[in-house]
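In: could you work out the structure for the sequence below:
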Amino acid sequence: QVQLVESGGGLVQAGGSLRLSCAASGRTFSSYARGWFRQAPGKERDFVAVISSGGNTVYADYVKGRFTISIDNTKNTVYLQMNGLKPEDTAVYYCAARSLSLDLTAPAYRYWGQGTQVTVSS
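Out: Alright, predicted model coming up:
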């Protein structure tokens, strides 16, 4: 059974940092694209960042320069380092995986984690 489990969320003041982790189990994801999305209350699930199996990365404009996605294939884990956090970054953050090339749209991803809450206070 494939599972993605996020961790690392929490409450942080504006300007602070958090590192999210997404551990995968049930299969090897080394050939998969791994993405992070977020969803604020009453809003759609938005793209944040993605890393391809080859290490190529794409970021949403609103996190570019502040967030960094990385992967450790030996641990089957993808990370999202978030610096310079803003109150508007408050959301539930989800990791996702798909077996084909990277994609910026949520419906393209087959596997999802349960989400981790990130709250940024002003």
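In: spatially central residue for the chain, please.
Out: Central residue of the chain (CA atoms, centre = their mean): Trp36, 2.4 Å from the mean position.
In: now that residue: which helix or strand?
Out: Counting by DSSP states H and E, the element that carries Trp36 is strand 33-39.
In: how about Leu80?
Out: Per DSSP H and E: strand 77-82 holds Leu80.
In: ok, back up a step: next structured bit after the strand holding Trp36?
Out: Once the chain leaves strand 33-39, the next helix or strand it forms, by DSSP H and E, is strand 45-51.
In: could I get the pLDDT score of Trp112?
Out: pLDDT, Trp112: 97.
In: one more: the one 4 residues further on?
Out: pLDDT, Thr116: 98.
In: quick check: bridge partners of it?
Out: According to DSSP bridges, the residues that bridge with Thr116 are Tyr93.
In: test of understanding: give the bridge partners of Trp36.
Out: Beta-bridge partners of Trp36, as defined by DSSP bridges: Ala49, Cys95.
In: what about it, distance to Gln81?
Out: Noted for Trp36: a distance of 11 Å to Gln81, by CB to CB, to the nearest Å. C-betas here are computed from N, CA, C, even on glycine.
In: common neighbours of the two, please.
Out: Ile69 (CB atoms under 8 Å, 6 or more residues apart in numbering).
In: Thr119 versus the residue nearest to Gly84 when sequence neighbours are not counted, what's the distance?
Out: Excluding the flanking residues, the one nearest Gly84 by CB to CB, 6 or more residues apart in numbering is Arg66, at 4.4 Å. In this view, Arg66 and Thr119 are 17 Å apart by CB to CB.
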